[in-house]
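Peer 1: here's my sequence, what's the structure:
(chains A and B)
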Protein chains: 2
Amino acid sequence: MSPAGSAAEPTLADVGEFGLIDLVRTAAEAPHVLVGPGDDAALVRTSPDGMLASLDVAVEGRHFRRDWSSARDVGHKVAAANLADIAAMGGTGRSLLVGLSAPGDLPVSWAVELTDGLVTEAASVGAVVVGGDVTAANSIVVSVSVLGDPGEQVVRRNGARPGDVVAVAGRLGWAGAGLAVLTRGFRSPRAVVEAHRRPQPPYSAGPQAAAAGAHAMVDVSDGLLADLGHVARASGVRLDLRSDAVEVPEPLQAVGAALGVEPLGFVLTGGDDHALAGCFAAGSVPDGWLKIGLAHAVDETAAVTVDGAPWPDPPGHAHFG
Amino acid sequence: MSPAGSAAEPTLADVGEFGLIDLVRTAAEAPHVLVGPGDDAALVRTSPDGMLASLDVAVEGRHFRRDWSSARDVGHKVAAANLADIAAMGGTGRSLLVGLSAPGDLPVSWAVELTDGLVTEAASVGAVVVGGDVTAANSIVVSVSVLGDPGEQVVRRNGARPGDVVAVAGRLGWAGAGLAVLTRGFRSPRAVVEAHRRPQPPYSAGPQAAAAGAHAMVDVSDGLLADLGHVARASGVRLDLRSDAVEVPEPLQAVGAALGVEPLGFVLTGGDDHALAGCFAAGSVPDGWLKIGLAHAVDETAAVTVDGAPWPDPPGHAHFG
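Peer 2: Take a look at the predicted model:
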C-alpha cells in the first residue's frame, strides 16, 4: 500500500514476475510468429536457408548508466547491438528474446519503457519480441537473443583475401565521442551524446553487402581496429587502413579539440556505433560504403595497420580491464 | 604475474573477454550447425515446421549459490531449465546461446566448468552451444537462449479441455526438498540435494506427449500448482488434482519428518525439477506418465484445486517476493 498522500510508483516487487510479463507482453504480431510470448517457448517460421542466432548481454554501469540514458534509450541500444550482429552476417533480425534481471525496487515504468525502446528499435527492421524472462537481481542486466533470416549469402569473418577493399557503412566514433564527453561530465555536443544513447546501425547495408558478394564482414561494437582485427586474424590477412580515407566528422573534431585528444582515435577505436566493416573484391563495393583500406598477404606486421604501421593505442574496449 | 611462491588462479580479468571466448569455444560439431561460435552470429539449419525459442536467466544468490553448487552443477541446471522449456512445447532443444556476466576476479576455471556442465547437459539431448557473450558484472548472471525443433505437434498451455486427464512425467518436489535442507544448513539426504543441483527433466516425454496428441503442457519450474495454474487460466478450465494419486517418494517423506513440514507440499509447490505436466484426452496418456487429476469446466473455484479445494499455501516461487 502507498503511504497516505503519496503516489509511490509501483515497483517490480509490487507487480511480481508474472504481472511484469503481462505488462511487457506486447503484441508480437508478425507473419513469422506462430506462437508468441507467454508460453514455455515461442515458435517462429524460419527461412529454408536456416536461422542466424546471437545473444548479447548489457550490464548497468558497464554498458549503460541510468543517469546518462533513459530506459527507452537502453532498449534501443541493446536491441541495436543485437540486430547489428545479424546484419553483420548479411541477414535481417526477425525475433528477439529478452531477459531482464533487475532489483525488486526498480519502477515498473522503467521496465515498460525499456521494452518499448526494444520493440521500437526491432520494428525498424521488421523484428518483434517473441519471448523472454524476468527475474530479480541486485543490478540491472538485460540479455537479448536475436534470431534472423540470412541474406543472399552468409558473410563470415574469415573470408577476406589479399587485394580486397576494406569498406565501412554507418557512423564511426560518434558513440565513443559521446561516451568521452559523458564520462567527463558534459552533455554536449548533443549529436554525439545521442549517438551513445541510441546507435544507428546501417541495418540494410548488411544484406546489401551479402548481395554484393562481400568476402568478410563484422559489426563494429568494440572499435574499428579491434573488430577488423578479428577479420584479419580469422582470414589470415593484414588489413591496412588509410587515415586520409577515414572521415572525421565535425562533432568529433569539436570533441577532440575540447578534450585535447586526437579525434581520429574516436573513429578508429570507439565502440558502440555498430557500423559494419566489410572486405570486398575490388570493384564490388556497394553504393554508400566508404572505402578505407586494402587487405594484404600476411607479413610480419600487426593484423590491422594504419598507413602501414600499427596504431599506438588500444584498438577498442577491454571488457575486463 | 603470480606472487612468488603462490600459484594464483587465473581470473576472467587475466584472460579478458576474447581469451575466455576462445577457452569456452568448445567444438559445436553437429550436422545442424552451419556456423558455430566465434562469428557475429551462428547459423543453424532449422526444421520446416519452424523453430522453438526460449530464454532463461539464472542469477547467483537467487537461482544458485556457489557454496551449494559447483560450476558444473550450475551449468547443468541452467541448461536443463532451458531445454525443459522446449520439451514442454513437445520439441527437442538443438542449440544454446550462453551469456555469462561475471566479476573480473572470477576464476577462469569456474567459467570453463560452467560451460562444461552446460555442454554436457545439452549433449544429453543432442544439443550444442553455438554462441554467446561474456561481459563483466558485479555478480554472476547466466543467460541462456535455447533453440529447438518442434515435435509432431506444438503443445501450448491453452488447449486443455474439460474431461482431460492431468498427468505428469518426471520428478516433483525433489529439488524443492533439496533447497529446503540446504537452506537449513544440511547437506543430506543426498538424493534431494543432488536433485537441487542437477535436475533431471524427462526430456523425451515432451515429444512423446506431442506424438500422443497432448492438449496442453507446461514445464514445472515454479511449482506444480503454480505452473498448472498457467494452463488452467490459459485454457479456461479448473484442474483438480487427487492427493492420493500424487506420489510422495521416501526421501521427501524423510525431509518432511526432519523439518516438521508436510512432504506433499514439496510435490505440489516445489520448483526446479522441470517435470512436465500435461493434459490429455482420456485414454491417450502415454506410458510412463502418472495420472494425477482431471480438467473440469470452470466454476467459481480457483483454477487449480487439490481434492476439490484450493491449496492453502502459496503455489510456488514468488520471484520478486
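
Peer 1: any stretches of the stretch 51-200 of chain A with poor pLDDT?
Peer 2: Filtered on pLDDT under 70, the stretch 51-200 of chain A yields no residues whatsoever.

Peer 1: give me every residue that touches residue A:231.
Peer 2: Residues near residue A:231 by Cβ atoms under 8 Å, 6 or more residues apart in numbering or on different chains: A:157, A:158, A:160, A:216, A:217, A:218, A:237, A:239, A:277, A:279. From N, CA and C alone the C-beta is placed, and that goes for glycine too.

Peer 1: now do residue A:246
Peer 2: Here residue A:246 is in contact with A:172, A:264, A:267, A:268, A:290, A:292 (Cβ under 8 Å, 6+ apart).

Peer 1: neighbours of residue A:108, just the number please.
Peer 2: 18 (other Cβ atoms under 10 Å in any protein chain shown).

Peer 1: phi, psi for the nearest residue to it once chain neighbours are set aside please.
Peer 2: In this structure, residue A:108 finds its nearest non-sequential neighbour in residue A:10, 4.7 Å apart by Cβ to Cβ, 6 or more residues apart in numbering or on different chains. Main-chain torsions, residue A:10, degrees, to the nearest 10: phi -60, psi 140.

Peer 1: what's around residue A:10, how many residues?
Peer 2: Residue A:10 has 14 neighbours, counted by other Cβ under 10 Å.

Peer 1: and what of residue A:200?
Peer 2: 18.

Peer 1: quick check: it touching residue A:171?
Peer 2: Yes. With contact defined as Cβ atoms under 8 Å, residue A:200 counts as touching residue A:171 (6.5 Å).

Peer 1: any shared contact partners between these two?
Peer 2: Shared contacts of residue A:200 and residue A:171 (Cβ under 8 Å, 6+ apart): residue A:273.

Peer 1: can you name the element that comes right after the helix or strand where residue A:111 lies?
Peer 2: Take DSSP states H and E as the rule and residue A:111 turns out to sit in helix A:108-123. Sequence order places strand A:128-136 as the next helix or strand after helix A:108-123, per DSSP H and E.

Peer 1: that next one pairs with which strands, parallel or anti?
Peer 2: strand A:92-102 (parallel) (DSSP bridges).

Peer 1: tilt between the strand it pairs with and helix A:108-123?
Peer 2: With axes from the mean of the first three to the mean of the last three Cα atoms, to 10 degrees defining the directions, strand A:92-102 sits at 170 degrees from helix A:108-123.

Peer 1: now residue A:172: closest residue in space, sequence neighbours ignored.
Peer 2: Using Cβ to Cβ, 6+ apart, the closest residue to residue A:172 is residue A:267 (4.7 Å).

Peer 1: that neighbour: how many residues sit nearby?
Peer 2: 28.

Peer 1: and if you look at residue A:187?
Peer 2: Counted by other Cβ under 10 Å, the residues lying close to residue A:187 total 10.

Peer 1: what's the answer for residue A:314, then?
Peer 2: Using other Cβ under 10 Å, the number of residues around residue A:314 comes to 13.

Peer 1: pretty sure it is touching residue A:271, no?
Peer 2: No. With contact defined as Cβ under 8 Å, residue A:314 does not reach residue A:271; the gap is 11.1 Å.

Peer 1: which neighbours do these two share?
Peer 2: Joint contacts of residue A:314 and residue A:271 (Cβ under 8 Å, 6+ apart) are residue A:226.

Peer 1: quick one: the residue nearest to residue A:172 is in a strand?
Peer 2: No. Going by DSSP: H, G, I helix; E, B strand; the rest coil, the assignment for residue A:267 is helix, not a strand.

Peer 1: for it, give me its contacts.
Peer 2: Under the criterion of Cβ under 8 Å, 6+ apart, the contact list for residue A:267 reads A:172, A:173, A:224, A:246, A:247, A:248, A:252.

Peer 1: if you set the cut-off to 7 Å instead, what comes out?
Peer 2: A:172, A:173, A:224, A:246, A:248, A:252 (Cβ atoms under 7 Å, 6 or more residues apart in numbering or on different chains).

Peer 1: got a pLDDT number for it?
Peer 2: On pLDDT, residue A:267 comes in at 96.

Peer 1: grab the nearest non-local neighbour of the residue nearest to the spatial centre of chain A.
Peer 2: Centroid-nearest residue in chain A: residue A:81, 2.2 Å away (criterion: Cα atoms, centre = their mean). Excluding the flanking residues, the one nearest residue A:81 by Cβ to Cβ, 6+ apart is residue A:56, at 5.1 Å.

Peer 1: in three-state terms, label the one you found for me.
Peer 2: What three-state DSSP gives for residue A:56 is strand.

Peer 1: and for it, the neighbour number?
Peer 2: Residue A:56: 25 surrounding residues under other Cβ under 10 Å.

Peer 1: does it touch residue A:144 like I think?
Peer 2: Yes. If you go by Cβ atoms under 7 Å, residue A:56 and residue A:144 touch, sitting 5.7 Å apart.
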